[in-house]
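Enquirer: what follows is a protein structure lacking sequence information:
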């Protein structure tokens with residue numbers, strides 16, 4: 001599975017905010033994503049993926065980040081994440 005999907009899986013299963021270190025540890029423990037070089041996923045990698053597509057549209061959304069995933073049929077959807085108090089949370 002893609003690392004973006006693994007991050008979503010972790011956040012959805014815990015149903016609460018998690019630190020990037022916790023997300024990386026869960027991904028590695030459950031083997032949700034295997035890097036091409038065989039190394040474990042790092043917290044820096046998780047953070048980089050979450051910050052890949054920042055789209056703040058106003059002051060309220062300055063700390064929110066969009067991740068885009070291709071859906072079947074070529075459509076796109078966004079998953080909103082917020083970074084607060086050192087934790088990544090899924091905004092559903």
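Expert: Sure, I can see it. Remember, predicted model here, so these are calculated numbers, not experimental data. Numbering: from 1, shown residues only.
Enquirer: am I right that residue 40 falls within a strand?
Expert: No. Secondary structure of residue 40 (DSSP: H, G, I helix; E, B strand; the rest coil): coil, not part of a strand.
Enquirer: I'd guessed it sits against residue 29; true?
Expert: No. With contact defined as Cβ atoms under 8 Å, residue 40 does not reach residue 29; the gap is 9.6 Å. All C-beta spots, glycine's among them, are computed from the backbone N, C-alpha and C.
Enquirer: hey, where'd the strands end up in this protein?
Expert: Assigned by DSSP state E, the chain shows strands spanning 64-70, 76-84, 87-91.
Enquirer: neighbour count winner among residue 40 and residue 29?
Expert: residue 40 (14 against 9; other Cβ atoms under 10 Å).
Enquirer: what's the pLDDT at the more buried one?
Expert: We have a pLDDT of 96 for residue 40.
Enquirer: skipping its backbone neighbours, what lies nearest it in space?
Expert: Spatial nearest neighbour of residue 40, chain neighbours left out: residue 28 (4.5 Å); criterion: Cβ to Cβ, 6 or more residues apart in numbering.
Enquirer: bridged to the nearest residue to residue 17 once chain neighbours are set aside, which residues?
Expert: Spatially, and ignoring its direct neighbours in sequence, residue 17 is nearest to residue 87 (3.3 Å; Cβ to Cβ, 6+ apart). When assigned by DSSP bridges, residue 87 has beta-bridge partners residue 84.
Enquirer: residue 87: how many residues sit nearby?
Expert: 15.
Enquirer: show me the shaky parts of the chain.
Expert: 53-80, 84-85, 91-92 (pLDDT under 70).
Enquirer: neighbours of residue 22, how many?
Expert: When neighbours are counted by other Cβ under 10 Å, residue 22 registers 17.
Enquirer: so residue 86 sits right up against residue 19, yeah?
Expert: Yes. Using Cβ under 8 Å, residue 86 is in contact with residue 19, at 6.0 Å.
Enquirer: the more surrounded of the two?
Expert: Set side by side, residue 86 and residue 19 show more neighbours around residue 19, with 15 against 10, by other Cβ under 10 Å.
Enquirer: who's in contact with the more buried one?
Expert: Residues in contact with residue 19 (Cβ atoms under 8 Å, 6 or more residues apart in numbering) are 43, 86-88.
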